[in-house]
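Q: Predicted model and sequence follow; I will ask about them next.
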Amino acid sequence: MSWHPLTLALWLTELASWGIYLGAARRLFMVIPTWSPESHSAGQLRRERAMELTIYQGKWVFALQVVILGLLLAGLCKAWPDQIPGAMCGTGVLQAMTPYGWQTLSYRMIALLVLFCCHVVAAIDRTSPEGPATQLHGRLLLVAGPFLGLATLTWVRSTAEVGAAAPVSCCAVLY
């Protein structure tokens, strides 16, 4: 695919999302194994502060992933059909992306679902001062990582496929 500005915006947003997510995941790998909410030590206070930061980072990752999905859908529907020979709509763009386009959409939706669940758990966890669901929030945020990775990997493959794609006949698929 040519370096359309929307594609570049997607790549930059993806990089920002990964930068934030990797910082949160690193922090979670250090905090979750030693989490002890009944302790009042200085170490536990540092862990609680680290978990607060990961909650905010998780919100940012969720917001950036929503933006990425919106940009992806806008590109499929409006911007990229003009760039692909024979494509008149998003169906033609997805056909040019081979199966990787559909896989990218699927993995993005699964990652967004997990991140939304993470957001809901964080909101529920804030209602209690003991923080009973703090570890669940951290684990959910870590579960989102493989789906984000698969979404990024299939996005790389789909953009590579479009560059070498033959003209598509998307209307033949519909009729």
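A: Looks like it arrived, so ask away.
Q: who touches A25 in this structure?
A: By C-beta atoms under 8 Å, 6 or more residues apart in numbering, the residues touching A25 are 141-142, 145. Every residue, glycine included, has its C-beta placed from N, CA and C.
Q: Just give me the closest of those residues to I68.
A: I68 lies nearest to G145 out of these, by C-beta to C-beta, at 15.2 Å.
Q: That closest one: helix or strand, and which one exactly?
A: G145 is part of helix 134-163 when elements are defined by DSSP states H and E.
Q: What average pLDDT does that helix get?
A: For helix 134-163, mean pLDDT is 90.
Q: Tell me how many other residues crowd A144.
A: Counted with other C-beta atoms under 10 Å, residues neighbouring A144 total 25.
Q: for the protein, which spans come out with low pLDDT?
A: By pLDDT under 70, the low-scoring segments of the chain are 1-2, 163-166, 170-175.
Q: and the angle from the helix or strand containing L22 to helix 134-163?
A: With elements taken from DSSP H and E, the one containing L22 is helix 5-31. Orientation note: helix 5-31 sits at an angle of 150 degrees relative to helix 134-163 (axes from the mean of the first three to the mean of the last three C-alpha atoms, to 10 degrees).
Q: tell me which residues in helix 5-31 are buried?
A: 6-7, 10-11, 13-14, 17-18, 20-21, 24-25, 27-28, 31 (16 or more other C-beta atoms under 10 Å).
Q: ok, longest helix in this structure?
A: Scanning the chain for the longest helix, with DSSP state H as the assignment, gives helix 42-74.
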